[in-house]
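S.K.: Next comes the sequence, and after it the predicted model I'd like to discuss.
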There are 4 protein chains.
Amino acid sequence: MVHFDNDYMAGAHPEVMRRLVETNLEQSVGYGFDEYSEEARQRIREACNAPDALVQFLVGGTQTNATVIDALLQRHEGVLTADTGHINVHESGAVEHSGHKVLTLPSHNGKVSVQDVSDFIRNFNNDDTYEHMVAPGMLYITQPTELGTLYNLSELESLSSLCHEHHIPLYLDGARLAYALASPACDFTLADIARLCDVFYIGGTKCGALFGEAVVAPNKALLKHFFSLVKQHGALLAKGRLQGVQFATLFTNHLYEQIGKHAIELALEVRRIFVSNGFKIAIDSPTNQQFFILPNTLIDHLQQYATFEYWGPRGDEESTVRFVCSWATTKEDVKLLEDAVLAF
Amino acid sequence: MVHFDNDYMAGAHPEVMRRLVETNLEQSVGYGFDEYSEEARQRIREACNAPDALVQFLVGGTQTNATVIDALLQRHEGVLTADTGHINVHESGAVEHSGHKVLTLPSHNGKVSVQDVSDFIRNFNNDDTYEHMVAPGMLYITQPTELGTLYNLSELESLSSLCHEHHIPLYLDGARLAYALASPACDFTLADIARLCDVFYIGGTKCGALFGEAVVAPNKALLKHFFSLVKQHGALLAKGRLQGVQFATLFTNHLYEQIGKHAIELALEVRRIFVSNGFKIAIDSPTNQQFFILPNTLIDHLQQYATFEYWGPRGDEESTVRFVCSWATTKEDVKLLEDAVLAF
Amino acid sequence: MVHFDNDYMAGAHPEVMRRLVETNLEQSVGYGFDEYSEEARQRIREACNAPDALVQFLVGGTQTNATVIDALLQRHEGVLTADTGHINVHESGAVEHSGHKVLTLPSHNGKVSVQDVSDFIRNFNNDDTYEHMVAPGMLYITQPTELGTLYNLSELESLSSLCHEHHIPLYLDGARLAYALASPACDFTLADIARLCDVFYIGGTKCGALFGEAVVAPNKALLKHFFSLVKQHGALLAKGRLQGVQFATLFTNHLYEQIGKHAIELALEVRRIFVSNGFKIAIDSPTNQQFFILPNTLIDHLQQYATFEYWGPRGDEESTVRFVCSWATTKEDVKLLEDAVLAF
Amino acid sequence: MVHFDNDYMAGAHPEVMRRLVETNLEQSVGYGFDEYSEEARQRIREACNAPDALVQFLVGGTQTNATVIDALLQRHEGVLTADTGHINVHESGAVEHSGHKVLTLPSHNGKVSVQDVSDFIRNFNNDDTYEHMVAPGMLYITQPTELGTLYNLSELESLSSLCHEHHIPLYLDGARLAYALASPACDFTLADIARLCDVFYIGGTKCGALFGEAVVAPNKALLKHFFSLVKQHGALLAKGRLQGVQFATLFTNHLYEQIGKHAIELALEVRRIFVSNGFKIAIDSPTNQQFFILPNTLIDHLQQYATFEYWGPRGDEESTVRFVCSWATTKEDVKLLEDAVLAF
């Protein structure tokens, strides 16, 4: 049985694990004040071309979103997002738990459109009763999105300009950022992200780490007292050096890039397998999540050989499914999948 | 330089680390639905003699306290604690962040007294304006306390009876529970804890794990929908099996007990060193944290050889300091400390 | 200049004001424990045919919604509402301030459809990731809606059955309830509301009182500790007897009914004026809010004689406007409006 | 039976009521944008010698405290108060409901000492773990305090200097401010309050209004977006002009001053009655609340003639009681009390 359910099924990339073992018996101060955390912060600042950035490590994605959004919003403000955004759908109301409204915009294959954001803000500003409404206080986007799609550089620049014109921060959820940066469709760099976003996070959990996300704020003044907020949100790891060791490793010798490339290569191979055998693509994703519309009979057949996610029916005889590759997916896994498809 | 600052300075106990490495490339479903997590839950239920217990893994202590307290309290209720309680002092207001008041009682060497709890509840119930006040909705205790002291079995039984008489849950923070159970002063078992407390957590972070805390509710009906709350608090680890592997290991072959015993043995040796050399004990702790009143000149001297925590002045010439041992402390570390004391 | 902007432009109905003056110098205990409040509660229980109902007075509508919703929801739950619902649009995020998500359904002229509610709950229950999502924990409806429309008895019965089948409470916002009950389209009674809804409020502010809303829970067990929550939300009036005097007066000699009838009579007269002069109805409302599509030239003309609300453009030459009548609107006001229309 | 229980037992001062009746049928825009509210704001700015002040009307005291504190604190901060402070004891956790910790200082007859505040802030700043603790973000004081005592001008100046030195706002709860300003012990003016406090509120509910509190921020930049927060807290009255009419009346022809003077005169007469008959003062209050230690037999005797508050036993044979006067207390009431005391 081979696994394409998700990108958090294995532990850590072996190189990351190796460093955790090597440093295991060392004694360090806690909470990220150790030298590995400092090294990781420095490496991330360099990779982002953001020498003065605040870099703070948290444990997981929902936690990171809730904490950053809580830090950026004023009390009368809410966060704009595509209605498919992770914060709107799959975080059990973590944003609202901290008192903030999630303001939804239509999803265009997982993305918000510049026009929709602009219209929302303009309508709010023009509404006589705006003081009775939740103000759009920041924009949340995911890159890649929950549907595997990407904002290109031009879209990021437009969203960034729009946000700054209206004095609201742009926040990018990079839970799978490695897989965006490694996509053939990617026309931006990590430095572009850092230049255009006010805050973003570099995902570790789904991109080679055991766990961990690195929040980056190129202008650190935007996240004053963030350390205390991280603690208040229960997001501060006692053994902060665990995140330091992991991110320092991921940002040494281009490991984070290689992890992305490996997964994308195999994801595109999965895509080739289905397309070349005449099956339909459900969402045109250039990243590590691939979505297909498959006959239910094929789905039944494949489930003997592979695990993957069922996303719902498409008429009576077909359904949408998702296949995900990660650093842990192997060429052999993909070959087995191909054999299974061919055997149908 | 040897380190006695805290019990979260090293990584994981080597046996825990070994199992993480062994299982690293396996692929599992997320969020604790894997077989390692199930094994760990089962082992913990057995160790607690609580076969129907809900066991849920979280990442860290502040997070665990905030989530459990949020789950147990009704909105008009607050949580009773000693004023020295971790939730009152060192969690950046995490309990209040979820909307709950922390109701403080005097600390008696880190502990609450049965009398004080009883008086608080009786005074509340007898107050004409009680509906304008925050109701005492649960009792929070730590075992061992922040000052290393222990509630003995009789005290636990009294607090448990009192809570149940007033229909409020008793919650025990066991961040350092291994070091309580291994103390020579311990007259209770893990099963006693499970019998007397409504909810408690078995600390992993400070007791041999890389990270992780195991919440146990012997009567699972007390924590309905807890999984969603854990997610809402950003406390749900994607790779839940990491906690499963760690706790399954800690509860195999009595590793958790051995970890506690090792630390206590060395902590009592540290105590012997100072006492036998004529120095004063600040708090009479039978666990892995030891508190001494030392001459400032000795403190200066020792700082060349060892790290430890400064707790504040005691007059002009002495200060209180804390030395902590853990599974990672070695006999050699303690010997070096003794040599340093003797060289004074 | 005559005023049709809203239904909270004047003070209190003269009869209510008379009683406030008569009782002004009496001394009463606070917080609603006085005899006027008890009389008002009793009169409301009788009018609702709900002899055991909890009746609690609050000050305003947003406050009432936020407090009731906070009281009814568990932490992992959100509140279902039409996307046009007041709680979703015009309460500055008060529901989210207490930590709850507002779950939106399509508005059908201000109403939710039974099918949409049913689908939402079924989809939630069938979703594998439901524990990562906010559970639908209650249904919020307004009667009449923000667009003046009404749920008829059959719709209320269906929504009530659906909610109870899924064990979630049905909550009805009756800010303008007098104007629903007095509508010719109304086929239900206050007792029907009390029979079908778990909690609802009888609006005072817009229906003859200076201020005040009466929350009714026919089964009081649903709102345990509600008094403390009202206090916690800052919604408890020291001089509770002010609400008692007002609601006792409103529910004496059918004053609340008369207030509704008066406003509806005049609102339908306003409707007749525009319709008989060939202008279009924007929303078919049988209550005290009337919505028309008028030529912009007519709007300009009318603004010399009357105030009313502008709701937005309809093409280049027409716009939607709202005219509202209340107990304070007079026949003379409506006649002046008619003269102004005829003079166009 | 005469009543000394509290200062919110009657309706409004007759002059306030008269103006409410006179303006009752006028139609105004809502939410405080009417001309009466503007007049009231202007009169208050003049009385405070604070021409640029933000003045916002809310309904009640708990609501006002919760909203102002929520507006002033950053998320990692809490509010300093005497442990007897209303926000700590009698607001059902309203401050915590918005996510903030109440940080308590010892009460010195209801007051905080400059030294204690200074020590708290210094200790916080010097604590190595301060980022794990809730930062002191503002100081809350009441004037007069819950025990009737007053901060004199020198104390206010010291507290103000201290707060500003540490860049935290000073907030004064003036629920009974009229009775402070009218006290013979008062050596400050309303303008002094406005000069020394960053935000304060002028109590209406207990000082002549039906209800209503006027928040004043001499430097309006401190309360940005306050209107939306008031709405979010459910504290915005639809018929805002009710507060406008009331406060405009209270600040015309020195009515607010007269109300205070009348109550203080009678309160001091009550004091004279008990003292001259040999009974003990419990707390030396120069304002409208008077506290005595009376024999239980006298208390029993008096309860046939008067209502007042029982505060608790003082040994076996005596108890502490509170007598409160307000604008609604009459000379006849006090005479009846005296007769009852003399008849003992």
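M.R.: Looks like it arrived, so ask away. Residues are numbered from 1 along each chain as shown, chains lettered A, B, ... in the order given.

S.K.: nearest residue to A:Asn49 other than its sequence neighbours?
M.R.: A:Ala191 (3.9 Å; C-beta to C-beta, 6 or more residues apart in numbering or on different chains). Glycine gets a C-beta too; all of them are placed from N, C-alpha and C.

S.K.: swap in A:Leu54?
M.R.: A:Lys220 (3.7 Å).

S.K.: Please tell me I have it right and the one you found contacts A:Pro51.
M.R.: No. With contact defined as C-beta atoms under 8 Å, A:Lys220 does not reach A:Pro51; the gap is 10.8 Å.

S.K.: okay, the two: which has more neighbours?
M.R.: More crowded of A:Lys220 and A:Pro51, by other C-beta atoms under 10 Å in any protein chain shown: A:Lys220, with 15 against 9.

S.K.: by contact count, what packs against whichever strand or helix holds A:Val245?
M.R.: Per DSSP states H and E: A:Val245 is located in helix A:241-250. Judged by 3 or more C-beta pairs under 8 Å, 6 or more residues apart in numbering or on different chains; DSSP states H and E, helix A:241-250 is in contact with helix A:14-22, helix A:35-48, strand A:54-58, helix A:255-276.

S.K.: Just give me the neighbour total for the spatially closest residue to A:Phe57 that is not a sequence neighbour.
M.R.: Ranked by C-beta to C-beta, 6+ apart and with sequence neighbours excluded, the top spatial neighbour of A:Phe57 is A:Gln243, at 3.7 Å. By the criterion of other C-beta under 10 Å, A:Gln243 has 26 neighbours.

S.K.: In a helix, A:Ile141, correct?
M.R.: No. Read with DSSP: H, G, I helix; E, B strand; the rest coil, A:Ile141 is strand and lies in no helix.

S.K.: Now do it, the pLDDT please.
M.R.: Looking at A:Ile141, its pLDDT reads 98.

S.K.: thinking again about what came up before, show me the contacts for the residue nearest to A:Phe57.
M.R.: Contact analysis of A:Gln243 by C-beta atoms under 8 Å, 6 or more residues apart in numbering or on different chains lists A:32, A:37, A:40, A:57, A:59, A:204, A:209, A:211-212, A:214, A:237.

S.K.: Give me every residue in the stretch 151-300 of chain A lying close to chain D.
M.R.: Selection of the stretch 151-300 of chain A residues close to chain D by C-beta under 8 Å from any C-beta of the partner chain yields A:225, A:227-229, A:231-232.

S.K.: Now name the helix or strand holding whatever residue of the stretch 51-200 of chain A ends up closest to chain B.
M.R.: Here the stretch 51-200 of chain A gets closest to chain B at one residue, A:Gln63, 2.9 Å apart by C-beta to the nearest C-beta. Assigned by DSSP H and E, A:Gln63 falls within helix A:61-72.

S.K.: after that helix, next one along is what?
M.R.: Elements were assigned by DSSP H and E; along the chain past helix A:61-72, the next helix or strand is strand A:77-82.

S.K.: Against which helices or strands is that next one packed?
M.R.: By 3+ C-beta pairs under 8 Å, 6+ apart, strand A:77-82 packs against helix A:86-89, strand A:102-105, strand A:135-142.
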